[in-house]
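Participant: would you be able to build a 3D model of this:
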Amino acid sequence: MTDEPAVSGVDHVELFVSDAEAAADWYERVLGVTRASAFAEWWETGQGPLMLSVDDTTKLALFERKTASRGGDVSPHRVAFGIDGDGFLSFLDDLDGLGLTDRHGDAVTRADAVDHGLSYSLYFTDPDGNWLELTTNDHDVVAADLA
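Facilitator: Numbers count the residues shown, from 1 in each chain. Below is the predicted model of the structure:
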């Protein structure tokens with residue numbers, strides 16, 4: 001083992017999307033992820049991806065790619081977003097208005113929340129078919145509401 005510092009966390013995850021502007025709007029509407037203003041120049045000058053930020057630390061880098069479409073090659077395997085228990089329940093309450101679908105194109109409903117014993121997750125895709133997950137480790141809060 002070296003004396004080198006450990007990583008501080010995940011800086012960004014790269015996603016292929018067919019239309020970065022539309023994808024950015026979708027991520028903001030559905031998950032509240034906003035454009036990272038510190039990296040706006042990359043996108044505006046065509047020098048890099050459209051960067052979105054969850055918390056100014058963890059970011060999504062949206063790269064336009066014509067083959068980024070439902071059923072085609074997408075990457076990465078899945079991006080999981082964390083949320084507290086109350087936020088997870090609120091998201092479930094808002095599902096009807098979001099029109100989310102799973103990887104097969106079927107509507108995602110409250111009944112699709114998965115109990116992992118220590119956490120709950122909801123799986124869905126963005127309009128380009130990238131696999132997403134909303135997860136909470138506040139298991140007891142969610143279990144009490146869903147019981």
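
Participant: how much space is there between the residue nearest to residue 59 when sequence neighbours are not counted and residue 47?
Facilitator: Distances taken as C-beta to C-beta, 6 or more residues apart in numbering place residue 12 nearest to residue 59, at 4.0 Å, with adjacent residues excluded. The C-beta positions use only the backbone N, C-alpha and C, and glycine is treated the same way. Using C-beta to C-beta, to the nearest Å, we find residue 12 at a distance of 15 Å from residue 47.

Participant: look at these two and report which has more neighbours.
Facilitator: residue 12 (17 against 8; other C-beta atoms under 10 Å).

Participant: and the pLDDT for that one?
Facilitator: Residue 12 is assigned a predicted lDDT (pLDDT) of 79.

Participant: what does residue 77 give?
Facilitator: 65.

Participant: stretch 111-123: which residues count as buried?
Facilitator: In terms of neighbour count (16 or more other C-beta atoms under 10 Å), stretch 111-123 has its buried residues at 112-113, 119-123.

Participant: same deal with stretch 138-147?
Facilitator: 138, 141-142.

Participant: and the buried residues of stretch 111-123, which is closest to residue 63?
Facilitator: The closest of the buried residues of stretch 111-123 to residue 63 turns out to be residue 123 (C-beta to C-beta; 22.6 Å).

Participant: show me what the residue nearest to that closest one when sequence neighbours are not counted bridges to in the sheet.
Facilitator: With C-beta to C-beta, 6+ apart as the criterion, residue 123 has its nearest non-adjacent residue at 5.3 Å, and that residue is residue 133. Note on residue 133: beta-bridge partners by DSSP bridges are residue 80, residue 123.

Participant: got a list of contacts for the helix or strand residue 61 falls within?
Facilitator: In the assignment (DSSP states H and E), residue 61 maps to strand 59-64. Around strand 59-64, the neighbours that count as contacts under C-beta atoms under 8 Å, 6 or more residues apart in numbering are 11-20, 23-24, 27, 33, 36, 39, 48-54, 79.
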